[in-house]
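*Asks:* Any chance you can model this:
(one chain, ligands or ions: 3)
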Amino acid sequence: MSTVLRIEDLIVHYITDEGIVQALQGVNLAINKGEIVGVAGETGSGKTTLALTIMRLLPTNARVVGGRILFNDIDLLGLSEEEMQKIRQSRISLIMQGTADVFNPLMLSGLQVSEAIEFHKNKPFHEAIEETKKIFSDVGLGTRVLISLPHELSIGTRQRVKIALAISTQPELIIADEPFTGLDPTLQAHLSDLIEKLHEEYGFTALIISHNLLRLFEISHKIAILYGGKILEYNDPRGIYYHPIHPYTKGLIGGLPDIKSPKSKKLIEMPEVYINPMNPPKGCVFWPRCPYAKDICKKREPELRKIEDALLACHFAEELKDISPWDFWKNNGG
Ligand SMILES: Nc1ncnc2c1ncn2[C@@H]1O[C@H](COP(=O)(O)OP(=O)(O)OP(=O)(O)O)[C@@H](O)[C@H]1O
Ligand code: SF4
Ligand SMILES: [Mg+2]
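*Replies:* Numbers count the residues shown, from 1 in each chain. Ligands and ions are numbered 1, 2, ... in the order given. Got it, this is the predicted structure:
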């Protein structure tokens, strides 16, 4: 299977008046053709920074300090801005986080999508319009939406138009940053179904970023757990859900309100410890919250390495791998 995106040892900082924010601290990730990879992480873990670095859309105070991003063997970080512009939207599209979206407020939704097709795929106007109608129908939107202005649409509908725009140019990679945020649970479920259906039809490769692990389970082939700018665990959703190995992943899974869990198992609440991104912990980034931390954890950073089918960044992964989340956390404040 060919690799569409390979991220190697990516380090990104933000320069601020208060100091240097270490947003990404050596991220490694590979996405194969046709895969949907979910990146889960709490607020501030570096998810948006990862998306913006791939798109080369970081704010001016950001610095890529190290690493490489290979997109089908093209070194994205080595491209000029002009070369990168040819890749954005036509070969990699981004669905941005938040309500501040890419739409022109004065232009009909359908025209915004057809314009992208005309421009990036070099199609004449009438063909672009026909394709837009088909894509709108594929994302479950009728002709009324085609001729509506963005502000006339509900948040759920606007999210569908964003998806229509993202797939309209048939990019080799789609990146979606928090696509579920702001939607109520019913709309979130509809969006998951839609992403699955579109993936069957269009076969795209995607990186979907969310703090909502349950939604990522529904749509992802692989999941990366990001914490403090590092990936701590990487596996398929079954492995992450039924056999979490890293203490942090165990805490996340044990904290999910899940109707399938036996009632006797109370939800795990990991201790909250503030991590200063300008002065992150030495060694393992999770040690201040980890009840299993030993001296070595505070001194040496654990490499991301293969344990069974997963990739793990924990010195004690072998010892901990078969302990259930509840057994691991029950005597440790969880
Ligand atoms: N422009 C910026 N200048 C300085 N620090 C920044 C900037 N953008 C992000 N950061 C910091 O970088 C770290 C990673 O931020 P990022 O937005 O990538 O996290 P995130 O996982 O997307 O969070 P959220 O779930 O809240 O969207 C955080 O500590 C954040 O405060
Ligand atoms: S490396 Fe040490 S501190 Fe980090 S998760 Fe593993 S046991 Fe805990
Ligand atoms: Mg974000």
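*Asks:* Tell me which residues touch Ile195, please.
*Replies:* Contact analysis of Ile195 by Cβ atoms under 8 Å, 6 or more residues apart in numbering lists Ile36, Ile163, Pro179, Ala206, Ile208, Ile219. For the C-beta atoms, the positions are set from N, CA and C on the backbone; glycine is no exception.
*Asks:* and the two most separated of the residues you listed?
*Replies:* Using Cβ to Cβ, the contacts of Ile195 reach their maximum pairwise distance at Ile36 and Ile163, which is 13.2 Å.
*Asks:* List the buried residues in the biggest helix by length in the chain.
*Replies:* Secondary structure of the chain per DSSP state H: the longest helix is helix 185-202. Under the neighbour-count criterion of 16 or more other Cβ atoms under 10 Å, helix 185-202 has Leu187, Gln188, His190, Leu191, Ser192, Leu194, Ile195, Leu198, His199 buried.
*Asks:* so what's the fifth one up against?
*Replies:* Right, Ser192. By Cβ under 8 Å, 6+ apart, the neighbours of Ser192 are Phe180, Arg215, Glu218, Ile219.
*Asks:* What of the fourth one?
*Replies:* Going by Cβ under 8 Å, 6+ apart, Leu191 touches Gly156, Gln159, Arg160, Pro179, Phe180, Leu183.
*Asks:* In helices only, show me the contacts of Ile195.
*Replies:* Cross-referencing the contacts of Ile195 against helices under DSSP H gives Ile163, Ile219.
*Asks:* near ligand 1, from the contacts of Ile195?
*Replies:* Counting by Cβ under 6 Å from any ligand atom, the subset of the contacts of Ile195 that neighbours ligand 1 is empty.
*Asks:* Among the contacts of Ile195, which one has the most neighbours?
*Replies:* Highest neighbour count within those, by other Cβ atoms under 10 Å: Ala206, with 28 neighbours.
*Asks:* My read is that that residue contacts Ile36, right?
*Replies:* Yes. With contact defined as Cβ atoms under 8 Å, Ala206 reaches Ile36; the gap is 4.6 Å.
*Asks:* Where does the nearest residue to Ile7 once chain neighbours are set aside sit, in terms of helix or strand?
*Replies:* In this structure, Ile7 finds its nearest non-sequential neighbour in Leu29, 4.5 Å apart by Cβ to Cβ, 6 or more residues apart in numbering. Using DSSP states H and E, Leu29 falls within strand 20-32.
*Asks:* any idea how far that strand is from the chain center?
*Replies:* 12 Å (Cα atoms, centre = their mean, to the nearest Å).
*Asks:* That strand near ligand 1 anywhere?
*Replies:* Yes. For strand 20-32 and ligand 1, the contact criterion (Cβ under 6 Å from any ligand atom) is met by Val21, Ala23.
*Asks:* which residues do Ala206 and Ile36 both contact?
*Replies:* What both Ala206 and Ile36 touch, as defined by Cβ under 8 Å, 6+ apart, is the set Ile195, His199.
*Asks:* And Phe71, how far from Arg88?
*Replies:* Between Phe71 and Arg88 the computed distance is 11 Å (Cβ to Cβ, to the nearest Å).
*Asks:* Looking at those two, which one has more neighbours?
*Replies:* A count of neighbours by other Cβ under 10 Å puts Phe71 above the other of Phe71 and Arg88, at 20 against 16.
*Asks:* Show me what the nearest residue to the more buried one once chain neighbours are set aside is bridged to.
*Replies:* Excluding the flanking residues, the one nearest Phe71 by Cβ to Cβ, 6+ apart is Leu5, at 5.6 Å. Under DSSP bridges, the beta-bridge partners of Leu5 are Ile31, Phe71.
*Asks:* now Leu5: how far from ligand 2?
*Replies:* According to Cβ to the nearest ligand atom, to the nearest Å, Leu5 and ligand 2 sit 27 Å apart.
*Asks:* Ile175 is in contact with that residue, correct?
*Replies:* No. Contact between Leu5 and Ile175 fails when scored by Cβ under 8 Å: they sit 9.1 Å apart.
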